[in-house]
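A.B. asks: Fold the following.
(chains A, B, C and D)
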There are 2 protein chains.
Amino acid sequence: MLSRMTRPESSGGQQPASRRIAEVLRSAIQSGELRPGDRLPSERVLADQYGAARNTAREAVRLLAEEGLVVAQHGRGVFVREARRLFRFGSDRYARKNRETGLTPFRLEARRQGKSARIDVVSIAREMPPRDIAERLDVAPDDLSVVHRENHYFADDEPVQVVSTYLRWEEAEGTLLMEAKSGPDGIYGRLEELGHAMTSIRDEIFARMPTPHETAVLGLPPGVPVLEVLHTSLDQDGRPFEVSRFVHRSDLTGLTYELPVT
Amino acid sequence: MLSRMTRPESSGGQQPASRRIAEVLRSAIQSGELRPGDRLPSERVLADQYGAARNTAREAVRLLAEEGLVVAQHGRGVFVREARRLFRFGSDRYARKNRETGLTPFRLEARRQGKSARIDVVSIAREMPPRDIAERLDVAPDDLSVVHRENHYFADDEPVQVVSTYLRWEEAEGTLLMEAKSGPDGIYGRLEELGHAMTSIRDEIFARMPTPHETAVLGLPPGVPVLEVLHTSLDQDGRPFEVSRFVHRSDLTGLTYELPVT
DNA sequence: AAGTGGTCTAGACCACTTT
DNA sequence: AAGTGGTCTAGACCACTTT
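C.D. replies: Below is the predicted model:
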């Protein structure tokens, strides 16, 4: 193998060849020359065009995929990603008027977009809470102190978010809070009967790359981070009675908070 | 070259060798066997251990870097990333009591952490607004209708967030809003004098991978998304008078919103 | 000087999709 | 059958850091 050819003449500048190729493609995408849905030249064609090895062209494409600009489809090609941010979760999703089954805001948003909505109750189980949940729900971290309800949300059968809701075991035991169908107005209806009127909420928001498990469950392409919301519901006494972890795919989801300034 | 050795015996399972190596390392990190700050075995050592080519070991490490679990340092090695989420931007950052210079919440948070705070005013210029800004500020999108103030925020000289603030040119022209030092209570003080009392706010939140420019400005390692907040300030008449785009590095930043439920 | 990651070559076989 | 991305080999030279 001719390894003195490592730096071919064509890599004139300071930049590595893979970055230069990526830059040309990036400009083409940003200028609109390559439009959402368009196919990029194949890795072999790019390699030819730039007098590089296929792996070098491939590295260029990988850089773009990491930025979330393109998505590869095995056997088909690499495509410019469609910029579609479909779901907007507003702070009004907690409003009392949107309370029936706790699910309405999602269904409403799906309908607004002409999509079908589906919510799967994946599991309902007594568990030991993760540390961050235990702190916020104010329960023992090393005890079977919570009920964990896991739901998956789909729009047109495409997964959009995964929600883990945690409730106090002592309150949920033997009630409809342990059932998939939790009755009128959903879990918040039952929690209100237990004396917890949702009076204020606290949402803590982070972004991070998905775990391999989340990548699988949400069907995430590379280069798409997740939005994680740690939600705490506080009652009339300012005490937490429900904590949920929302994991959204960020290419489909945005959050909106509207609030008065004091 | 012996290309029939492409699939060596050691890749026993269904999984590609690079993924298997990544899984072993991931488990070691999650179990705490490899702790934050620890160095991974070098790519050459991993390749030896698993009877693979160096590029295969390298691919395994790349998968972990993409998940944000490790960071490579040229010439030094690959290290398990420290999980430090330092900055919490709460919805109370808009509260009137935190108004002086508009910067106090950031300075407070930095002091709380024993870090120095620095805010650079990078530019103040009359510009054509981006489409999303024009819509929210309710100004002409294809006109020099706004003033754009760009600030960079540093903690211990490490960049934490980039903020672009947009104001109406017709209101800012010839006022302290065009100056780096915008006077008592910062730009919100001047805007209040112009008849805009901040009465409510709307924050729209997205996550995405950074652009190459943001990667450079924020000094982002691979595998770290950004949190983007599109902030709109509304006055006593419910009219927008200021729109800002916050770009936070998500490994250092979290957002918190506390609000009453109606 | 030795070790590390960064980039690259020039192939190969595989899984998948399209013609 | 032809084309595409996915993975891999066995090298090489480079830039950077540590010994």
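A.B. asks: name the helices or strands packed onto whatever helix or strand residue A:124 lives in?
C.D. replies: Mapping residue A:124 onto the secondary structure by DSSP states H and E places it in strand A:117-127. Counting by 3 or more Cβ pairs under 8 Å, 6 or more residues apart in numbering or on different chains; DSSP states H and E, the packing neighbours recorded for strand A:117-127 are helix A:104-112, strand A:146-155. For every residue, glycine as well, the C-beta is placed using N, CA and C.
A.B. asks: Nearest approach to DNA strand C belongs to which of the ones you listed?
C.D. replies: Ranking the helices and strands packed on strand A:117-127 by distance to DNA strand C, with Cβ to the nearest atom of the strand as the measure, places strand A:146-155 first at 20.9 Å.
A.B. asks: Now the closest one: buried residues?
C.D. replies: Neighbour counts over strand A:146-155 (16 or more other Cβ atoms under 10 Å in any protein chain shown) mark A:146, A:147, A:148, A:149, A:151, A:152, A:153, A:154, A:155 as buried.
A.B. asks: try stretch A:178-196
C.D. replies: With burial defined by 16+ other Cβ under 10 Å, the residues of stretch A:178-196 counted as buried are A:178, A:182, A:185, A:186, A:187, A:188, A:189, A:190, A:191, A:192, A:196.
A.B. asks: Flag the least confident of those residues.
C.D. replies: Across the buried residues of stretch A:178-196, the member with the lowest pLDDT is residue A:185, scoring 80.
A.B. asks: my guess is residue A:220 meets residue A:210, correct?
C.D. replies: Yes: assessed by Cβ atoms under 8 Å, residue A:220 is found in contact with residue A:210 at 5.5 Å.
A.B. asks: Tell me which of these two has more neighbours.
C.D. replies: Of the pair residue A:220 and residue A:210, residue A:210 is the one with more neighbours under other Cβ atoms under 10 Å in any protein chain shown, namely 22 against 19.
A.B. asks: Distance from the chain centre to the helix or strand of chain A with the lowest mean pLDDT, please.
C.D. replies: Taking mean pLDDT, DSSP states H and E as the measure, the helix or strand of chain A with the lowest value is helix A:104-112, at a mean of 77. When C-alpha coordinates are averaged (Cα atoms, centre = their mean, to the nearest Å), helix A:104-112 and its chain have centres 17 Å apart.
A.B. asks: what's the overlap in contacts for residue A:220 and residue A:210?
C.D. replies: Common neighbours of residue A:220 and residue A:210 (criterion: Cβ atoms under 8 Å, 6 or more residues apart in numbering or on different chains): residue A:226.
A.B. asks: got the contact list for the helix or strand hosting residue A:166?
C.D. replies: Under DSSP H and E, the secondary-structure element containing residue A:166 is strand A:158-168. Under the criterion Cβ under 8 Å, 6+ apart, residues A:86-87, A:129, A:133, A:137, A:139, A:145-154, A:177, A:187, A:191, A:214, A:217-219, A:241-249, A:252-253 lie in contact with strand A:158-168.
A.B. asks: Helix, strand, or coil at the residue of chain A found nearest DNA strand C?
C.D. replies: Here the residue of chain A nearest DNA strand C is residue A:75; by Cβ to the nearest atom of the strand that distance is 2.5 Å. Under DSSP: H, G, I helix; E, B strand; the rest coil, the three-state class of residue A:75 is coil.
A.B. asks: Could you count how many residues lie near residue A:157?
C.D. replies: When neighbours are defined as other Cβ under 10 Å, residue A:157 has 8 of them.
A.B. asks: Next one, pLDDT for it please.
C.D. replies: Among the per-residue scores, residue A:157 shows a pLDDT of 82.
A.B. asks: Contact partners for it?
C.D. replies: Going by Cβ under 8 Å, 6+ apart, residue A:157 touches A:116, A:118.
A.B. asks: Residue A:77 against residue A:43, yeah?
C.D. replies: No: Residue A:77 is beyond contact range of residue A:43, at 9.3 Å (criterion: Cβ under 8 Å).
A.B. asks: circling back to that earlier point, out of the contacts of strand A:158-168, which sit inside strands?
C.D. replies: With strands defined by DSSP state E, the entries of the contacts of strand A:158-168 inside them are A:87, A:146-154, A:241-249, A:253.
A.B. asks: so what's residue A:119 up against?
C.D. replies: The contact partners of residue A:119, by Cβ under 8 Å, 6+ apart, come to A:103, A:106, A:151, A:152, A:153, A:154.
A.B. asks: which of those residues has the weakest pLDDT?
C.D. replies: In terms of pLDDT, the weakest of the contacts of residue A:119 is residue A:103, which scores 51.
A.B. asks: quick revisit: quick one, phi/psi of the residue of chain A closest to DNA strand C?
C.D. replies: phi 80, psi -20 (degrees, to the nearest 10).
A.B. asks: Right, and chain B sits closest to which residue of the stretch 51-200 of chain A?
C.D. replies: When you check the stretch 51-200 of chain A against chain B by Cβ to the nearest Cβ, the closest residue turns out to be residue A:68, at 4.5 Å.
A.B. asks: Assign that residue to helix, strand or coil.
C.D. replies: In terms of secondary structure, residue A:68 is coil; the call rests on three-state DSSP.
A.B. asks: right, and it touches residue A:224 too?
C.D. replies: Yes: here residue A:68 reaches residue A:224: they are 6.0 Å apart, a contact under Cβ under 8 Å.
A.B. asks: joint contacts of these two?
C.D. replies: Shared contacts of residue A:68 and residue A:224, defined by Cβ under 8 Å, 6+ apart, comprise A:251, B:209.
A.B. asks: I'd assumed residue A:151 was in contact with residue A:123.
C.D. replies: No: taking Cβ under 8 Å as the definition, residue A:123 is not a contact partner of residue A:151, at 9.1 Å.
A.B. asks: Pull up the distance across stretch A:193-213, start to finish.
C.D. replies: For stretch A:193-213, the first-to-last residue distance is 36 Å (Cα to Cα, to the nearest Å).
A.B. asks: chain center to that stretch, what's the gap?
C.D. replies: For stretch A:193-213, the distance to the chain centre is 14 Å (Cα atoms, centre = their mean).
A.B. asks: repeat for stretch A:143-163
C.D. replies: Between the mean C-alpha point of stretch A:143-163 and the mean C-alpha point of its chain there is a distance of 12 Å (Cα atoms, centre = their mean).
A.B. asks: Is residue A:120 bridged to anything, and to what?
C.D. replies: When bridges are called by DSSP bridges, residue A:120 pairs up with residue A:152.
A.B. asks: Say whether DNA strand C is contacted by stretch A:212-227.
C.D. replies: No: applying Cβ under 7 Å from any atom of the strand, one finds that stretch A:212-227 is not in contact with DNA strand C, the shortest distance being 13.7 Å.
A.B. asks: Name the surrounding residues that touch that stretch.
C.D. replies: Residues from elsewhere that reach stretch A:212-227, judged by Cβ under 8 Å, 6+ apart: A:65-69, A:71-72, A:81, A:152, A:158-162, A:205-210, A:246-251, A:253, A:255, B:26, B:66-67, B:205-209, B:225, B:250.
A.B. asks: Pull out the buried members of these.
C.D. replies: Going by neighbour count (16+ other Cβ under 10 Å), these have A:65-69, A:71-72, A:81, A:152, A:159-162, A:205-210, A:246-251, A:253, A:255, B:26, B:66-67, B:205-209, B:225, B:250 buried.
A.B. asks: ok so, going back, neighbour count winner among residue A:77 and residue A:43?
C.D. replies: Taking neighbours as other Cβ under 10 Å, residue A:77 and residue A:43 compare with residue A:43 leading, 21 against 15.
A.B. asks: confidence score at residue A:11?
C.D. replies: For residue A:11, the pLDDT comes out at 34.
A.B. asks: And residue A:35, by the same measure?
C.D. replies: According to the per-residue confidence, residue A:35 scores 94 in pLDDT.
A.B. asks: Check the buried ones among the contacts of stretch A:212-227 one by one and keep those near DNA strand D.
C.D. replies: When contact is defined as Cβ under 7 Å from any atom of the strand, the buried ones among the contacts of stretch A:212-227 meet DNA strand D at residue A:72.
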